[in-house]
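> sequence and predicted structure, then a few things I'm wondering about:
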Amino acid sequence: MKELIVVFDVDGTLLNSDCLLIAAKNSTSLDEFLLGLFYCLPWFISWKLELMNDGRLKEKVLSKFKICELFNSLDDYNSWILNLLKNDLNQEALKALIRHQDLGHRVLLCTASPRILIEPLANYLNVE
């Protein structure tokens with residue numbers, strides 16, 4: 001019998017929004033977040049015009065909002081990001097994911113987001 005593999009997109013599907021944006025928004029105060037978004041505007045425009053690739057944009061956003069530094073400084077970063085992502089789960093997509101697990105299907109998450117943002121959620125959901 002063949003193993004059925006099911007792939008769930010993370011940003012905008014399993015999550016209601018984008019995990020990088022969630023991390024950026026919660027890594028600083030609201031004022032600093034809004035100022036940071038303004039600062040990132042030229043990068044977003046360059047990305048939209050395809051002058052910058054996805055990876056480079058994500059690197060710049062990670063750096064601007066000091067998400068990697070936060071990862072290194074928090075005693076329990078995994079719980080911090082997991083709680084944020086759990087609060088943003090799309091309940092209908094989550095139900096579908098659980099249905100597939102109950103049927104014994106292999107469930108994978110697909111995302112262009114950095115592993116440090118999504119791995120705690122994957123572990124929590126017991127998926128790859």
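Sure thing, it's come through. Numbering: from 1, shown residues only.
> if you count contacts, what does the helix or strand harbouring residue 23 end up packed against?
In this structure, residue 23 is located in helix 19-26 according to DSSP states H and E. When contacts are defined as 3 or more CB pairs under 8 Å, 6 or more residues apart in numbering; DSSP states H and E, helix 19-26 sits against helix 30-48, helix 54-64, helix 67-73, helix 77-86, helix 115-125. For every residue, glycine as well, the C-beta is placed using N, CA and C.
> which residues does it contact?
Here helix 19-26 makes contact (CB atoms under 8 Å, 6 or more residues apart in numbering) with 10-11, 15, 33, 36, 58, 61-62, 64-65, 67, 70, 80-81, 84-85, 88, 111, 113-114, 117-118, 121.
> how near is residue 85 to residue 128?
As judged by CB to CB, to the nearest Å, residue 85 and residue 128 stand 16 Å apart.
> now swap in residue 6 and tell me
11 Å.
> identify the contacts common to the two.
What both residue 6 and residue 128 touch, as defined by CB under 8 Å, 6+ apart, is the set 106-108.
> how about these in a markdown table, adding distance to residue 27?
What follows is the shared contacts of residue 6 and residue 128, written out as a markdown table (distance: CB to CB, whole Å):
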| residue | distance to residue 27 |
| --- | --- |
| 106 | 33 |
| 107 | 28 |
| 108 | 27 |
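> closest to residue 94 out of those?
Nearest to residue 94 out of the shared contacts of residue 6 and residue 128 is residue 107 (CB to CB; 11.2 Å).
> burial count for residue 12?
Residue neighbour count, defined by other CB atoms under 10 Å, stands at 11 for residue 12.
> swap that for residue 113, please
20.
> how about it: what's its closest non-neighbour residue?
residue 19 (4.8 Å; CB to CB, 6 or more residues apart in numbering).
> quick revisit: can I get the helix holding residue 23 as CSV, trimmed to CA atoms?
Provided in CSV are the C-alpha atoms of helix 19-26 (Å, rounded to 0.1, in the frame of the first residue of the first chain):
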residue,chain,number,x,y,z
CYS,A,19,4.9,33.6,10.5
LEU,A,20,7.7,36.1,9.7
LEU,A,21,5.3,39.0,10.1
ILE,A,22,4.0,37.5,13.4
ALA,A,23,7.5,37.2,14.7
ALA,A,24,8.4,40.7,13.6
LYS,A,25,5.3,42.2,15.1
ASN,A,26,5.8,40.5,18.4
